[in-house]
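Engineer: Here you go, sequence then predicted model.
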Amino acid sequence: MNHLRYILAAVLLAWTGTAGAVTDMVEHTEKHAVRVNVLARGLHHPWSLAFLPGGRMLVTERRGRLYYVGADGTPNPAPIAGLPEHVAEAGQGGLHDVAPHPEFSRNRLVYFAYAGKGDGGYGTELARGRLDGHRLTGVEVLFRALPKSRGGRHFGGRIVFDGAGHVFLTLGDRGERPRAQDLADHAGSIIRLTEDGGVPADNPYVSAEGARPEIFTLGNRNVQGAAMNPWTGELWAHEHGPQGGDEVNVIRAGANYGWPIVTYGRNYGLGTRIGEGVHKEGMTPPLHQWTPSIAPSGMAFYDGDKFPGWRGSLLAGALKFRLLARLEFEGERFVREERMLEDVIGRIRDVRVGPDGYVYLLNDASDGVIARLEPADPS
């Protein structure tokens, strides 16, 4: 027993021991001076962070571990038990998003997305379970993206509730471009379910012969950021393009976002055109696109009170450019972008606005961190 205590203590020290190294780092942005407070270190490729009532957080690691984290950033060194055994780390895939049910205080339900291993390879799945102390109980798989396939690219994996009894799950094309235009294939889409995993009667392809009824949109390459716009109630998302053409989109029923027929991206290495250009009738153009690619991952609308100059902005983390992008829109018209925190904490994997109004970031590293952005001058 003493040996186990020493192991757990060593793990806890690894998570938190160097957190204070940049606690007092101040970054000056256009609107605010921002203190970057690193709450914890030592996570192994963290992917998602979610807030629980009372101030605690949940954080996932890509390798298939789910942890409690205290409001002060102190992690519990023992992972939460009860995840499905077929959660698999495969290239970019693994344990992805975690999202408490909107009525978590009443039902204790937690939803999580992951790369699931099965016949034919891997595919993104959505499951839920009840958080009972340090274990998930009654775990049930609500959705499996089919067909599964080999390879470790483009799993998507973000979960968003719409507040009206539905849950969205983002997917990717799995590195196989034509799949994103095939309604008989879940890959390259965003799917929409009822909260118990059923198919909503008003999904756009419910009555289409041969179509997967869970599909809400198609033509999506790899959607790694999604959030409800708190002012319009619509789902917004961004997705990776190849060598350019990362997109920001408003997600609407039945929309085709074009991949790989239309894209601002180019073939890796060669730089040659993909598909038919950047526009085509019947395909929805992006509100904004990044060329060169920033590799966006994680996004949130800022609706807090700690950074009033950011209110209304869309915040997006960037893996490739190792920064936090702040985008301003007037309605659906892109206005401007500010790039912040360049190379301060590395490859930003997740972006969340906490119930306290601070901004929380995860970085994608084998020694990953949880960082909180605070006003440098609280007044």
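Structural biologist: Noted; the coordinates are in hand.
Engineer: hang on, Ala184 packs against Arg212?
Structural biologist: Yes. The pair Ala184 / Arg212 is scored as a contact, 6.5 Å apart, by Cβ atoms under 8 Å. Glycine gets a C-beta too; all of them are placed from N, C-alpha and C.
Engineer: more neighbours, these two?
Structural biologist: A direct count of neighbours by other Cβ atoms under 10 Å for Ala184 and Arg212 places Arg212 higher, at 20 against 13.
Engineer: residue ranges with poor pLDDT in this structure?
Structural biologist: The chain contains residues with pLDDT under 70 at 1-24, 378-379.
Engineer: residue ranges of the helices in it, please?
Structural biologist: 2-16, 104-107 (DSSP state H).
Engineer: what residues does the last one touch?
Structural biologist: Outside helix 104-107, the residues within contact range by Cβ atoms under 8 Å, 6 or more residues apart in numbering are 52-53, 101, 110, 130-131.
Engineer: ok, the nearest residue to Gly151 once chain neighbours are set aside - contacts?
Structural biologist: The shortest distance from Gly151 to any non-neighbouring residue, by Cβ to Cβ, 6 or more residues apart in numbering, is to Gly175 (5.3 Å). Shown in contact with Gly175 (Cβ under 8 Å, 6+ apart): 151, 153-154.
Engineer: Neighbour-wise, give me the winner out of those.
Structural biologist: His154 (28 neighbours).
Engineer: My guess is that residue contacts Gln224. True?
Structural biologist: No. Using Cβ under 8 Å, His154 is not in contact with Gln224; the gap is 9.2 Å.
Engineer: what sits in contact with each of those two?
Structural biologist: 172, 240.
Engineer: Can you tell me the number of residues neighbouring the nearest residue to Gly354 once chain neighbours are set aside?
Structural biologist: The shortest distance from Gly354 to any non-neighbouring residue, by Cβ to Cβ, 6+ apart, is to Tyr360 (5.5 Å). Residues near Tyr360, counting by other Cβ under 10 Å, number 23.
Engineer: Show me what Tyr360 bridges to in the sheet.
Structural biologist: Arg352, Arg372 (DSSP bridges).
Engineer: cool, and Trp290?
Structural biologist: According to DSSP bridges, beta-bridge pairing links Trp290 with Asp246.
Engineer: any idea how far it is from Val98?
Structural biologist: As judged by Cβ to Cβ, to the nearest Å, Trp290 and Val98 stand 27 Å apart.
Engineer: Comparing these two, which shows the higher neighbour count?
Structural biologist: Trp290 (25 against 22).
Engineer: give me every residue that touches that one.
Structural biologist: 241, 244-246, 296.
Engineer: Which member of these is positioned nearest Ile80?
Structural biologist: Ile80 lies nearest to Pro296 out of those, by Cβ to Cβ, at 28.2 Å.
Engineer: ok so, going back, widest-spaced pair of the contacts of Trp290?
Structural biologist: Farthest pair in the contacts of Trp290, by Cβ to Cβ: Gly244 and Pro296, 12.6 Å.
Engineer: Which residues are in contact with the nearest residue to Gly265 once chain neighbours are set aside?
Structural biologist: Of all residues not flanking Gly265 in the chain, Gly245 sits nearest, at 3.1 Å (Cβ to Cβ, 6+ apart). Residues near Gly245 by Cβ under 8 Å, 6+ apart: 263-266, 289-291, 293.
Engineer: try 7 Å
Structural biologist: 263-265, 289, 291 (Cβ atoms under 7 Å, 6 or more residues apart in numbering).
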